[in-house]
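**Student:** I would like the atomic coordinates for the input below:
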Amino acid sequence: MKLSLSQTQLGSLFAICAAFLFSTKAIFIKQTYALSPLVDGTVLITLRMISALPFFLLLCWFNRHHNKDIAAKDWCVLILAGLIGYYFSSWLDFEGLMYISASLERIILFLYPTLTVLASSVIYRQKLSLQSMLAIALSYGGTVIVMLQEQSNVPHESNFWLGASLVFASAISFATYLLLTPRLIEKFGSWNFTGLTLSVACIGTLTHYVIATPQPLHLLLQLPSSVIWYGIALGFLVTVLPTILMAQSIARLGAAQSAMIASIGPILTIILATIFLGEHLNAIQWIGCILNIIGVMMISLSKKKFSH
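**Tutor:** Numbering: from 1, shown residues only. Alright, predicted model coming up:
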């Protein structure tokens, strides 16, 4: 009994730490954008993936024994999942953060479980339960409240709606990735799958950067050292470390309980954005944020699945 309690406490601590580290992502990104005009979403996500790639390649190496007798079709789906889930989704997110607040970005991204449920309903022709429909209405209603309040306070010539659309597209992309993962995890094993998909995403990001940038190496050498350090922090503290912590939490608590603890993520991002970026939500936006979290928690716990 003592061992069980200890494992529960440890799993909860891992989930809280993972949620906190994930919540710092938008803060690091917004702070880095303010440091140099050379930095955009493509440059910053490249720094992040360069920093994270060595770890994920090691993960692939140590789990290479799982790769025997796997069909070419499964490898193709895995590559697609890596490109959609952690390359394209992340790039859309980084680009969107150039135009909207860190708080709103986190709230929009937090919708991905509802998107997964909606897509599953269409694909498998399953009727949504009343609880699911209520949860979706709460989460989207809350998000719209926060968006409209923020939009009313930004200049008309700003790219607010572009930023919000990019981040929502990021959530759609990540939800698509989640639909592809269950069968792949069974085939490849969870740690091996994580290493492979994130390695694919890193390579996809670096390829994008080289193609999109006229002098890719020259640009990286021109970046201030502070930008490089932020990129390393995004790679290790916001990508590698919380991925490990969340996996360890799920192993001890199960997916549903880890999801419940991790749902504090948007609140943590808003608090950090207030402290470090000077962002502030008004009372109406806080109501919208709470509605969003309640709706997403209802969806997550009913499905008993969680992934970042």
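**Student:** Kindly format the C-alpha coordinates of the helix or strand containing Cys289 as PDB.
**Tutor:** Element membership of Cys289 [criterion: DSSP states H and E] is helix 283-303. Once non-C-alpha atoms are left out, helix 283-303 reads as follows in PDB (Å, rounded to 0.1, in the frame of the first residue of the first chain):
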ATOM      1  CA  ALA A 283     -12.900  39.100 -15.700                       C
ATOM      2  CA  ILE A 284     -14.900  38.100 -18.800                       C
ATOM      3  CA  GLN A 285     -11.800  36.500 -20.300                       C
ATOM      4  CA  TRP A 286     -11.200  34.500 -17.100                       C
ATOM      5  CA  ILE A 287     -14.800  33.200 -17.300                       C
ATOM      6  CA  GLY A 288     -14.100  32.100 -20.900                       C
ATOM      7  CA  CYS A 289     -10.900  30.500 -19.900                       C
ATOM      8  CA  ILE A 290     -12.600  28.500 -17.100                       C
ATOM      9  CA  LEU A 291     -15.400  27.400 -19.500                       C
ATOM     10  CA  ASN A 292     -12.700  26.200 -22.000                       C
ATOM     11  CA  ILE A 293     -10.900  24.200 -19.300                       C
ATOM     12  CA  ILE A 294     -14.100  22.600 -17.900                       C
ATOM     13  CA  GLY A 295     -15.200  21.600 -21.400                       C
ATOM     14  CA  VAL A 296     -11.800  20.100 -22.400                       C
ATOM     15  CA  MET A 297     -11.500  18.200 -19.000                       C
ATOM     16  CA  MET A 298     -15.000  16.700 -19.600                       C
ATOM     17  CA  ILE A 299     -13.900  15.500 -23.000                       C
ATOM     18  CA  SER A 300     -10.500  14.200 -21.900                       C
ATOM     19  CA  LEU A 301     -11.800  12.300 -18.900                       C
ATOM     20  CA  SER A 302     -14.600  10.800 -20.800                       C
ATOM     21  CA  LYS A 303     -12.300   9.500 -23.500                       C
END
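**Student:** And that helix, what does it pack against?
**Tutor:** Identification of packing neighbours for helix 283-303 by 3 or more C-beta pairs under 8 Å, 6 or more residues apart in numbering; DSSP states H and E yields helix 102-109, helix 112-123, helix 130-151, helix 255-262, helix 265-276. C-beta here means a position set from N, CA and C on the backbone, and glycine is covered the same way.
**Student:** okay, these in a markdown table with mean neighbour count and mean pLDDT next?
**Tutor:** Compiled in a markdown table, the helices and strands packed on helix 283-303 are given as follows (neighbours: other C-beta atoms under 10 Å; pLDDT from 0 to 100):
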| stretch | mean neighbour count | mean pLDDT |
| --- | --- | --- |
| helix 102-109 | 27 | 95 |
| helix 112-123 | 19 | 88 |
| helix 130-151 | 18 | 93 |
| helix 255-262 | 21 | 76 |
| helix 265-276 | 19 | 93 |
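**Student:** With distance to Ser158 as extra columns, can I get those in a markdown table?
**Tutor:** Shown next, in a markdown table, are the helices and strands packed on helix 283-303 (distance: least, C-beta to C-beta, whole Å):
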| stretch | distance to Ser158 |
| --- | --- |
| helix 102-109 | 13 |
| helix 112-123 | 25 |
| helix 130-151 | 9 |
| helix 255-262 | 31 |
| helix 265-276 | 18 |
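**Student:** right, so of those helices, which gets closest to Val200?
**Tutor:** Distance to Val200, taken as C-beta to C-beta, is lowest for helix 112-123 among the helices and strands packed on helix 283-303, at 19.6 Å.
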